[in-house]
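K.L.:
how does the following fold in three dimensions:
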Amino acid sequence: MANDRQTVVLITGCSSGIGLKLAIHLANDTKKQFYVIATMRNLNKKEQLEAAAGDTLNKTLHIRQLDVCSDESVTECLNSIQDKRVDILVLQVKQRHAREFLEAWHSNHNAINKHIDLDAVYQPLRKRTGNDITTNPRNPIQEKDINRKQKKTASLHLEVTTDDVTKPVNNAGIGKIGPIESLSIREMKSIFDTNFFGAVRIIKAVLPDMKRRRSGHIVMMSSVMGLQGVIFNDVYAASKFAMEGFCESLAVQLLKFNIYVSMIEPGPVNTEFEMKLMDEVSHSTFPGTDSETVQFFKDVYLPASRDIFATMGQTPDTIAEATIKVIKMERPVFRYQTNILYTPLTAMKYADDTGNMSIRMFYNLLFNHGTCFKISLSCLRIVTCSWFRSGAVSPN
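P.N.:
Okay, here's the model as predicted:
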């Protein structure tokens, strides 16, 4: 139970990455001024957080279940908090649905003989939709199909059926990056359901108490892709643009109640998931996409993306430390870009009111001057030390 002198911080997405690091940093505050409620959708993945928490577990750090895509889960989580009091809400949302399907499928593939263990494999999707899910009777899954697909899990494209619609389940990577033709509308909606509507759902839930107390701080883990669109990240960037617009509008109203809104905007962040993601999509088939676009994606975009991550990528620890700087501000800033190397790229967009400058620059760097682009990144790696690459931009 938090005492009157502690600040109650609720953080979403704490099973790994930025959310986990932020929770640990705050819980280990030497003055013990933070009472951290670290949440995650699946409590079966709490081991890493528990191990990192050490002596702070169940003292300054408490783990709770929270699925931002579920009204019931949000309500249950807030009801478990004393007086439903949340002083600071930090939203670090994560994509999952298709990724969950693959994890469940992999964990059970050894048990496959002549059929799939549907109860285990489809459990995440059944829980998410609330519907019964079976194999499509018009396209039964045979053992030989499973063996073939097992060898190429990155291009897994099984069909599952709910009571109202048959839909494709692609690999997790396709849901975030790749040619737009390979994405179904349902997959696009899934991205928005988490990145936008999931965040809005929890914000709506905490606002009444914050307004009543006339105090609060909402911290949204956004991205530079909420400011600058990036090729082959179309839908993901769109979801971040939506969140930026929502929060920018909301921030004006909430100042009347002494509630601050802050957008943390990292550039590339080096996480294990990001590296696996790029490796995964490099082997994907992207059904419905023309061969020229697939070639551009695999031979131009992916190598450039890897170079950018190697040169400009920050660690989750660095992003967590930057977030804490904003949290501790007496008058928190609205926008905080963490990567000084990426700032000129987002600034360029606003330097030209036609929008042509940034679009043509990115086009030329990727498709016309690839060698120059690689040399520039190599030089940047040489002249900037590790501290400078991982440093956060001062908001002042």
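
K.L.:
check the secondary structure at residue 8 for me.
P.N.:
strand (DSSP: H, G, I helix; E, B strand; the rest coil).

K.L.:
contacting residues around it?
P.N.:
2, 35, 37, 81, 85-88 (Cβ atoms under 8 Å, 6 or more residues apart in numbering). In short, each C-beta sits where N, CA and C put it, glycine included.

K.L.:
between those, which sits nearest residue 202?
P.N.:
Nearest to residue 202 out of the contacts of residue 8 is residue 86 (Cβ to Cβ; 9.3 Å).

K.L.:
and the closest one, helix, strand or coil?
P.N.:
coil.

K.L.:
surely it touches residue 203?
P.N.:
No - Residue 86 is beyond contact range of residue 203, at 10.5 Å (criterion: Cβ atoms under 8 Å).

K.L.:
looking at the two, which is more packed in?
P.N.:
residue 86 (25 against 20; other Cβ atoms under 10 Å).

K.L.:
the domain parsing of this structure - what is it?
P.N.:
Domains of the chain are assigned by automatic domain parsing as 7-95+185-283+314-342, 97-175.

K.L.:
among those, which comes closest to residue 362?
P.N.:
domain 7-95+185-283+314-342 (6.7 Å).

K.L.:
next one: that closest one to chain centre, how far?
P.N.:
Domain 7-95+185-283+314-342 sits 9 Å away from the centroid of its parent chain (Cα atoms, centre = their mean, to the nearest Å).

K.L.:
start and end of it, how far apart?
P.N.:
Taking Cα to Cα, to the nearest Å as the measure, domain 7-95+185-283+314-342 stretches 32 Å from start to finish.

K.L.:
quick one: average pLDDT of that domain?
P.N.:
Average pLDDT, domain 7-95+185-283+314-342: 94.

K.L.:
again with stretch 345-356
P.N.:
pLDDT averaged over stretch 345-356 gives 84.

K.L.:
which of the residues in that stretch are buried?
P.N.:
For stretch 345-356, a neighbour-count test (16 or more other Cβ atoms under 10 Å) marks 345-346, 349 as buried.

K.L.:
what's in contact with it?
P.N.:
So stretch 345-356 is contacted by 224, 227-228, 337, 357-358, 361 (Cβ under 8 Å, 6+ apart).

K.L.:
and that stretch, end to end?
P.N.:
End-to-end span of stretch 345-356 (Cα to Cα): 13 Å.

K.L.:
can you give me the strands for the stretch 251-396 of the chain?
P.N.:
Counting by DSSP state E, counting those that start in this stretch, the stretch 251-396 of the chain has strands at residues 259-265, 335-337.

K.L.:
how close does residue 292 get to residue 85?
P.N.:
According to Cβ to Cβ, to the nearest Å, residue 292 and residue 85 sit 55 Å apart.

K.L.:
neighbour count winner among the two?
P.N.:
residue 85 (16 against 8).

K.L.:
what sits against the more buried one?
P.N.:
2, 8, 209, 213.

K.L.:
pull the CA atoms of stretch 296-311 into CSV?
P.N.:
Taking Å, rounded to 0.1, in the frame of the first residue of the first chain, the C-alpha atoms of stretch 296-311 are listed here in CSV:
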residue,chain,number,x,y,z
PHE,A,296,12.8,-3.3,-52.5
PHE,A,297,11.7,-4.2,-49.0
LYS,A,298,14.2,-7.1,-48.6
ASP,A,299,17.2,-5.7,-50.6
VAL,A,300,16.9,-2.0,-49.9
TYR,A,301,14.8,-1.3,-46.8
LEU,A,302,15.9,-4.1,-44.5
PRO,A,303,19.7,-3.5,-44.9
ALA,A,304,19.2,0.2,-44.4
SER,A,305,17.1,-0.4,-41.4
ARG,A,306,19.7,-2.6,-39.8
ASP,A,307,22.4,0.0,-40.5
ILE,A,308,20.2,2.7,-38.9
PHE,A,309,19.6,0.6,-35.8
ALA,A,310,23.3,-0.1,-35.5
THR,A,311,24.2,3.5,-35.8
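
K.L.:
gap between it and the chain center?
P.N.:
Per Cα atoms, centre = their mean, the displacement of stretch 296-311 from the mean C-alpha position of its chain is 20 Å.

K.L.:
name the residues of it that are buried.
P.N.:
Buried-residue list, stretch 296-311, by 16+ other Cβ under 10 Å: 296-298, 301-302, 304-309, 311.

K.L.:
closest one to residue 66 out of those residues, please.
P.N.:
Nearest to residue 66 among the buried residues of stretch 296-311, with distances taken as Cβ to Cβ, is residue 309, at 29.2 Å.

K.L.:
not counting sequence-adjacent ones, nearest residue to that closest one?
P.N.:
Distance criterion Cβ to Cβ, 6 or more residues apart in numbering; nearest residue to residue 309, sequence neighbours excluded, is residue 268 at 4.7 Å.

K.L.:
wait, isn't that neighbour in contact with residue 314?
P.N.:
Yes - in this structure, residue 268 is within contact of residue 314 by Cβ under 8 Å, at 7.1 Å.

K.L.:
what touches both of the two?
P.N.:
Counting by Cβ under 8 Å, 6+ apart, the residues touching both residue 268 and residue 314 are residue 339.

K.L.:
who has more neighbours out of the two?
P.N.:
residue 314 (24 against 20).

K.L.:
is it true that the more buried one touches residue 271?
P.N.:
No - counting by Cβ under 8 Å, residue 314 does not reach residue 271; the two are 10.0 Å apart.
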